[in-house]
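In: quick one, what's the 3D model for this:
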Amino acid sequence: MNPNEHTTGHEGYDPDMFDVGGSLRSVADAVRHNKSVVLITCLLTLAIMTWYVVVWPPVYQADAVVFAERNIDASRDNFYSTWNIFRKDDAHDEAQLIKAGAVLQRVIEKNHLTYNDIYHPFFSELSYLWETSLPGRSYLKFKRWIFPDGSGDASPEEIDRGRVLSDMATGIAIEPEADTNIAKVVVIGPSRRVAEIDNSLLDAYLNFRQEMHAAEAQRSYDVLSTEVEKAGQDLQEIESRRLEFSQKNGLILDFLKETEEVKE
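Out: You can find the predicted model right below:
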């Protein structure tokens, strides 16, 4: 025998070969001997899929394109640096402002959004289904009977508003386009109202941004007006003292000349 030759238990057996027919026969034998297990597994899977399709809400998506300022713009930067009343926001800050609670609250109130109009993450939806089901309500009553709580519990309406507000933010995504100043505002939800919600979201964001900057400019104007008024009172006081001094010392003509120069 050649020492380089090796024998195996089966003549002509290749360890890299896969016996498809033998595997299929093994599966068929396993199914034949465990018909009840296979049947129960198939029925259970079918029941779970049917429950998911019927109970779980669908997912719709709407996209809106937004154009933002460049972060580096010499002419605009010079304007904002000269007029300190106004402020230029960074694009990254604007992306976070779109999902701010104050903006989302305006969208919810304007469109009268409820729980069924908002996208909810998997575990949030599962928790809601449990809380609204008969076993979940019974468990909650039993828990409160065992561990009574004080007046710190929120009302069901407040809980729903908080759930809608927090889950709505998870259904909004900002997707910047590479090497551009353009981004997509993506809104997903369980109904076709996502397009309406997306447009309303951008309108609420722009209005909120305008009101925020207008309020900031108004506060700056009020502060500057107060300081100008104080400076005017101080100037009048100094002018009165100088006029009195000039009248006493016969310097009225020089004072009038300097007053005209100040006016000019």
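In: Ala102 - nearest residue in space that isn't next to it in sequence?
Out: Closest residue in space to Ala102, ignoring its immediate chain neighbours: Phe208 at 6.1 Å, by CB to CB, 6 or more residues apart in numbering. For the C-beta atoms, the positions are set from N, CA and C on the backbone; glycine is no exception.
In: looks like the one you found contacts Arg106 (just checking).
Out: Yes. Counting by CB atoms under 8 Å, Phe208 touches Arg106, with 6.8 Å between them.
In: where does Val187 sit: helix, strand or coil?
Out: strand (DSSP: H, G, I helix; E, B strand; the rest coil).
In: contacting residues for the most centrally placed residue in the chain?
Out: Centroid check for the chain by CA atoms, centre = their mean gives Lys99 as the closest residue, at 3.1 Å. Lys99 makes contact with 169, 172, 174, according to CB atoms under 8 Å, 6 or more residues apart in numbering.
In: same question, Ile48
Out: Contacts of Ile48 (CB under 8 Å, 6+ apart): none.
In: just use 35 as the starting number from now, easier for me
Out: From this message on, residue numbering opens at 35, which makes the last subject Ile82.
In: rounded mean pLDDT for the helix or strand encompassing it, please.
Out: In this structure, Ile82 is located in helix 69-89 according to DSSP states H and E. Mean pLDDT, computed over helix 69-89, is 83.
In: what does the very next helix or strand once past it contact?
Out: Beyond helix 69-89 on the C-terminal side, the first helix or strand identified by DSSP H and E is strand 94-101. For strand 94-101, the surrounding residues in contact (CB under 8 Å, 6+ apart) are 215-226, 228-229, 231-233, 235-236.
In: buried ones among those residues?
Out: Buried members of the contacts of strand 94-101, scored by 16 or more other CB atoms under 10 Å, are 217, 219-224, 228, 231-232, 235-236.
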